[in-house]
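Colleague: pasting the structure only:
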């Protein structure tokens, strides 16, 4: 019985896994190196293989740096009922907690957003306050 | 090599959650009344099995989930419904929005990707390559981040992209629609031979011609490039590859069989595992699958994917 379940499971993964060209997130971003960016959302790109946000972040001296933030695929957001313009409004200020790119560029993988009105949106289950039962 | 019970558990849970696939055989499959495979097989006016329809789980939609500070989870069909509930006080402003439903193991991408890699590599039915290509396969496998062309947004191609999500059938051809990157194919079913010009092109989808063998639609595909893979662990092929796809409607299910012929590199034709799709009666709108733009390759610091 377990054998057949195993076969079914492999069967299911085999038939779905190759479809989305998911990159190795861990090869690009360090989930133990988080940074919170606060800035103005300048563009929302609803593209494959990862949704992308561009954010202008201003430091204490007034220098503005453009950050590139990556997330899951558009279909993943769709399954969560999240659409581009409903939730992410360019020109408004968001806070984004990201896992920083390992190559040191201004690039991060989204962990959570704080929306302009203060509501919080989790994008990475591991960082939910109740934990993931590791 | 065996998968741990934990991995097995997660894998089976993934199957249950996806709900994409119906098994036709085996004790766990639905038996008796309601089994879609036991429904009558509809036919078109010319007596062929009717392949028309949405196949598998292609519908869009989803749910918005929010979690109150006390742990209460509330689901909404749309973001607008959630906003309305927020306005009416039904949910609080401090409820966290779960912007991505948990779909990976342990909530940790490193583990999830390692697990995923293991599952892919221990796939029970790999293509059997000639020994002189084993090093090549290993190289491609451990360099997937730079060698897998789908990672720089090239099409997965036939047969890696799998079965279509919708078939439109006429008396002379079938139109196959795929959700990924909004791909389509139009395949004549009148038994004609390959076009001498098109079949010399080197494309991702190849040149397809179809014929009926009894109740099975057989599609023969040649004229491929050698950029695509058969699967994740570096399963490359040459541009001499020939793919045979077989579509068989059984009741309200569609059986999809693929055989890959590439004798220059394969010891024997690769007969992929059968996929069985259930008909989808949904009338939900089809979603555009947006174009793929690669911003990631330049930032990869390792070459192995998982």
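Modeller: Nice, I can see it. Everything numeric here is computed off the predicted structure, so don't read it as measured data.
Colleague: C-alpha from now on. contacts and neighbour counts both.
Modeller: OK.
Colleague: ends of stretch B:264-280, how far apart?
Modeller: End-to-end distance for stretch B:264-280, by CA to CA, to the nearest Å: 39 Å.
Colleague: again, but for stretch A:78-89
Modeller: First-to-last residue span, stretch A:78-89, CA to CA: 17 Å.
Colleague: With stretch B:245-263 instead?
Modeller: End to end - CA to CA - stretch B:245-263 spans 17 Å.
Colleague: Not counting sequence-adjacent ones, nearest residue to the residue of the stretch 151-300 of chain B found nearest chain A?
Modeller: Ranked by CA to the nearest CA, the top residue of the stretch 151-300 of chain B for proximity to chain A is residue B:292, at 4.2 Å. Distances taken as CA to CA, 6 or more residues apart in numbering or on different chains place residue A:48 nearest to residue B:292, at 4.2 Å, with adjacent residues excluded.
Colleague: Quick check, the one you found in contact with residue B:288.
Modeller: No: using CA atoms under 8 Å, residue A:48 is not in contact with residue B:288; the gap is 11.0 Å.
Colleague: Of these two, give the one with the bigger neighbour count.
Modeller: residue A:48 (24 against 13; other CA atoms under 10 Å in any protein chain shown).
Colleague: Quick one: residues contacting the more buried one.
Modeller: A:73-74, B:289-293 (CA atoms under 8 Å, 6 or more residues apart in numbering or on different chains).
Colleague: Just the buried ones out of these, please.
Modeller: A:73-74, B:289-290, B:292-293 (16 or more other CA atoms under 10 Å in any protein chain shown).
Colleague: Could you double-check that the residue of the stretch 151-300 of chain B closest to chain A lies in contact with residue A:47?
Modeller: Yes: with contact defined as CA under 8 Å, residue B:292 and residue A:47 form a contacting pair (6.0 Å).
Colleague: contacting residues around residue B:85?
Modeller: residue B:91.
Colleague: Can you work out which other helices and strands pack against the longest strand seen in chain A?
Modeller: Criterion DSSP state E: the longest strand present in chain A is strand A:29-45. Secondary-structure packing of strand A:29-45 (3 or more CA pairs under 8 Å, 6 or more residues apart in numbering or on different chains; DSSP states H and E): strand A:52-58, strand A:93-101.
Colleague: Is chain A within reach of stretch B:46-58?
Modeller: No: using CA under 8 Å from any CA of the partner chain, stretch B:46-58 never reaches chain A; the gap is at least 10.9 Å.
Colleague: Can you give me the buried ones in that stretch?
Modeller: Neighbour-count burial for stretch B:46-58 [16+ other CA under 10 Å]: B:48-58.
Colleague: contact partners of that stretch?
Modeller: B:19-21, B:41-44, B:164-169, B:171, B:179, B:215, B:249, B:254, B:277-282, B:286.
Colleague: what does stretch B:135-144 give?
Modeller: With contacts defined as CA under 8 Å, 6+ apart, stretch B:135-144 is touched by B:147-148, B:232-236, B:303-305.
Colleague: Inside helices: which ones of these?
Modeller: Counting by DSSP state H, those place residue B:147 in helices.
Colleague: From the contacts of stretch B:135-144, which land in strands?
Modeller: Checking the contacts of stretch B:135-144 against DSSP E, those in strands are B:235-236.
Colleague: Also near chain A: which of the contacts of stretch B:135-144, exactly?
Modeller: Applying CA under 8 Å from any CA to those, those adjacent to chain A are B:232, B:303-305.
Colleague: Mind picking the one among these that's closest to residue A:66?
Modeller: Sorting those by how near they are to residue A:66, with CA to CA, puts residue B:303 at the top with 27.0 Å.
Colleague: got the residues of the stretch 151-300 of chain B near chain A?
Modeller: Counting by CA under 8 Å from any CA, the residues of the stretch 151-300 of chain B that sit close to chain A are B:151, B:153, B:156, B:160-162, B:180, B:231-232, B:273, B:275, B:289-294, B:296, B:299-300.
Colleague: Sort the buried residues of stretch B:46-58 by pLDDT and name the bottom one.
Modeller: The weakest per-residue confidence within those falls on residue B:58 (57).
Colleague: re earlier: may I see the buried residues of stretch B:46-58 arranged in JSON lines, with secondary structure and distance to residue A:40 as well?
Modeller: Listed next are the buried residues of stretch B:46-58 as JSON lines, based on DSSP: H, G, I helix; E, B strand; the rest coil; distance: CA to CA, whole Å:
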{"residue": "B:48", "secondary structure": "coil", "distance to residue A:40": "58"}
{"residue": "B:49", "secondary structure": "strand", "distance to residue A:40": "56"}
{"residue": "B:50", "secondary structure": "coil", "distance to residue A:40": "53"}
{"residue": "B:51", "secondary structure": "coil", "distance to residue A:40": "50"}
{"residue": "B:52", "secondary structure": "coil", "distance to residue A:40": "48"}
{"residue": "B:53", "secondary structure": "strand", "distance to residue A:40": "45"}
{"residue": "B:54", "secondary structure": "strand", "distance to residue A:40": "42"}
{"residue": "B:55", "secondary structure": "strand", "distance to residue A:40": "42"}
{"residue": "B:56", "secondary structure": "coil", "distance to residue A:40": "41"}
{"residue": "B:57", "secondary structure": "coil", "distance to residue A:40": "37"}
{"residue": "B:58", "secondary structure": "coil", "distance to residue A:40": "35"}
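Colleague: Now do the contacts for the residue in the stretch 51-200 of chain B that chain A sits nearest to.
Modeller: Taking CA to the nearest CA, chain A has its nearest neighbour within the stretch 51-200 of chain B at residue B:62, 3.9 Å off. Residue B:62 sits next to A:78-81, B:77-78 when contact means CA under 8 Å, 6+ apart.
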